[in-house]
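Student: With the input below, show me the fold.
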Amino acid sequence: MSSQSFADLGVSRAVCTALSQRGFDEPFAIQTKVIGDVLAGRDVLAKSPTGSGKTLAFMVPIIDRIEATDPRPSALILAPTRELATQIVEATYPIAHARALKVKAVYGGVGLEKQAREAAKSHIIVATPGRLEDLLQRRAFSLSGVRILVLDEADRMLDMGFKPAVDRIVAQCPKQRQTLFFSATLDGEAGRIAQAFTSDAVRHEHTPPVQQVTDIEHRFVAVERDERIRRLIDELREDRDLALVFVRTKRGADRLVKRLNADGHEAVAMHGDKSQRQREKALASFEAGRVDTLVATDVAARGIDVDGISHVINFDPPEDREGYVHRIGRTGRAGRTGIGITFVGSEHAGDVSRIAAELRLETEFEASGHRVAPAFTGGQGGGGRKQGGRSGARQGGGGRSSRTGTGAAGGNPRSVHSQRPGSGRGRRSTAR
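Tutor: Model prediction:
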């Protein structure tokens, strides 16, 4: 948290009161960095990890910059998934209401006519690119009055193939506008798009320091492909709250759910081949606790922000450091604790070794029985990790866990080994 208040950043009394009523008394670091520039009308490029509070970083000043008498819509937020669009609206609807503003989520999988009517009356539209284009083609409303454009999780929109649609949508917005670009990376194609869409933008990169990030236990479990399902079932039988399981493919998600259900574990799948209605139903069941295990691919899980996820399990290992941070960042959010478990087979040991070293999790990785490749020892930025705790590696690859400050930021954690030797098991998370 910041020592500044929202009022110190220039946020209006009405919005500050609405924030306080929802338990937001002090801004997070990314909010402290961004809010003043947005209120000043500057274009912004922001690189910030999942779970850092970026939604309020752009929505709070947007709500203050728009008047109830302004054209509708006056602000447009593009998001890659229906789930993220819905979460943005749910998080900010009461705040917008404090200034008599209407905010509406626009996404596919629901009736067009009602959505079109409500969107046309809204000051702020939060939309997925595909459905927004459908409504624009039907002339449900115009973007000619948009003064503020936000691209949230822009890198993921590019990954999902939305660039042509985004280009067409941006072309319909006024050239004289304020543009805010939020992304997990500002390199490569995302960086080029950011430069093209913004003008004289202020750039912010936020990586929370260790003492401010969430507390997550990281475990690496040595298990070969044929034994992964049995090991997953063992993990799911432990004392826990909700579990989010990551796989690499859509087909793999469906197969895994069938195996889990056959074993008596209630699980649902979320991936790109599911209809919007199916995805919404799966997420609602998971969030309500009717189903306590959600199996998802990376793209489908982007934007999931569900309270009570105590365990994130990488059934298939992530592609890279960014993927690891994104996945594990689904637990241990906003000061809560969580457990991240990664299955490591011999075929992926080298890749996971590199990720562990970059995140300075070498000790946790080697507790699985695998060794960190010499070239990666010490991680980025030089220097090995300070060893701590007792050697609790369990034969057969159970591994020792540690509680670290990596969280969603992917920083350089300090290790505080808190588990009894050889247990490899977690306590019930407080992530409610």
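Student: who's in contact with the residue nearest to residue 191 when sequence neighbours are not counted?
Tutor: Nearest residue to residue 191, sequence neighbours excluded (C-beta to C-beta, 6 or more residues apart in numbering): residue 185, at 7.5 Å. All C-beta atoms are positioned from the backbone trio N, CA, C, and that covers glycine. By C-beta atoms under 8 Å, 6 or more residues apart in numbering, the residues touching residue 185 are 47, 155, 191, 322.
Student: If we use 10 Å, what do you get?
Tutor: Contacts of residue 185 were listed using C-beta atoms under 10 Å, 6 or more residues apart in numbering, and they are 47, 154, 155, 158, 191, 194, 322.
Student: what's the answer for residue 113, then?
Tutor: When contacts are counted by C-beta under 10 Å, 6+ apart, residue 113 touches 138, 140.
Student: so how far is residue 295 from it?
Tutor: When distance is defined by C-beta to C-beta, to the nearest Å, residue 113 is 34 Å away from residue 295.
Student: circling back to that earlier point, tell me which of the contacts of residue 185 fall in strands.
Tutor: Cross-referencing the contacts of residue 185 against strands under DSSP state E gives residue 47.
Student: And for residue 291, the neighbour number?
Tutor: Here the count is done by other C-beta atoms under 10 Å, and residue 291 has 19 residues near it.
Student: Tell me the buried residues within the contacts of residue 185.
Tutor: 47, 154, 155, 158, 191, 194, 322 (16 or more other C-beta atoms under 10 Å).
Student: Out of the residues you listed, list just those in helices.
Tutor: 154, 155, 158, 191, 194, 322 (DSSP state H).
Student: Span of stretch 166-179 from start to end?
Tutor: This stretch, stretch 166-179, spans 13 Å end to end (C-alpha to C-alpha, to the nearest Å).
Student: Mind listing what's buried along that stretch?
Tutor: 166, 169, 170, 173, 177, 178, 179.
Student: okay, now the domains of the protein?
Tutor: Domains of the chain are assigned by automatic domain parsing as 13-205, 210-404.
Student: before we move on, the earlier item: and the furthest pair within the buried ones among the contacts of residue 185?
Tutor: Pairwise distances across those peak at 16.7 Å for 194 and 322 (criterion: C-beta to C-beta).
Student: quick revisit: right, and out of the buried ones among the contacts of residue 185, which lies closest to residue 347?
Tutor: Using C-beta to C-beta, the buried ones among the contacts of residue 185 come closest to residue 347 at residue 322, 21.0 Å.
Student: Low-confidence bits of the stretch 201-350 of the chain, can you list those?
Tutor: Counting by pLDDT under 70, the low-confidence segments of the stretch 201-350 of the chain come to 207-214, 276, 299-303, 334-335.
Student: quick one: the helices in it?
Tutor: 228-236, 250-262, 276-288, 298-301, 321-328, 349-358 (DSSP state H, counting those that start in this stretch).
Student: So for residue 36, which of these sits nearest?
Tutor: Of all the helices of the stretch 201-350 of the chain, helix 321-328 comes closest under C-beta to C-beta, at 26.9 Å.
Student: what angle separates the closest one from helix 349-358?
Tutor: Counting by axes from the mean of the first three to the mean of the last three C-alpha atoms, to 10 degrees, helix 321-328 lies at 80 degrees to helix 349-358.
Student: continuing past the biggest helix by length in the chain, what's the next helix or strand?
Tutor: As assigned by DSSP H, the longest helix anywhere in the chain is helix 82-97. Per DSSP states H and E, helix 82-97 leads on to strand 103-106 as the next helix or strand towards the C-terminus.
Student: ok, the buried residues of stretch 166-179 vs residue 139, which is closest?
Tutor: Relative to residue 139, the closest of these is residue 169; by C-beta to C-beta it sits at 14.6 Å.
Student: Which elements pack onto the helix or strand in which the closest one is found?
Tutor: Assigned by DSSP H and E, residue 169 belongs to helix 163-171. If contacts are counted by 3 or more C-beta pairs under 10 Å, 6 or more residues apart in numbering; DSSP states H and E, helix 163-171 sits against strand 75-78, helix 129-137, strand 148-151, helix 154-159, helix 188-197.
Student: buried residues in the longest one?
Tutor: For helix 188-197, the buried set under the neighbour-count rule, 16+ other C-beta under 10 Å, comprises 190, 191, 193, 194, 197.
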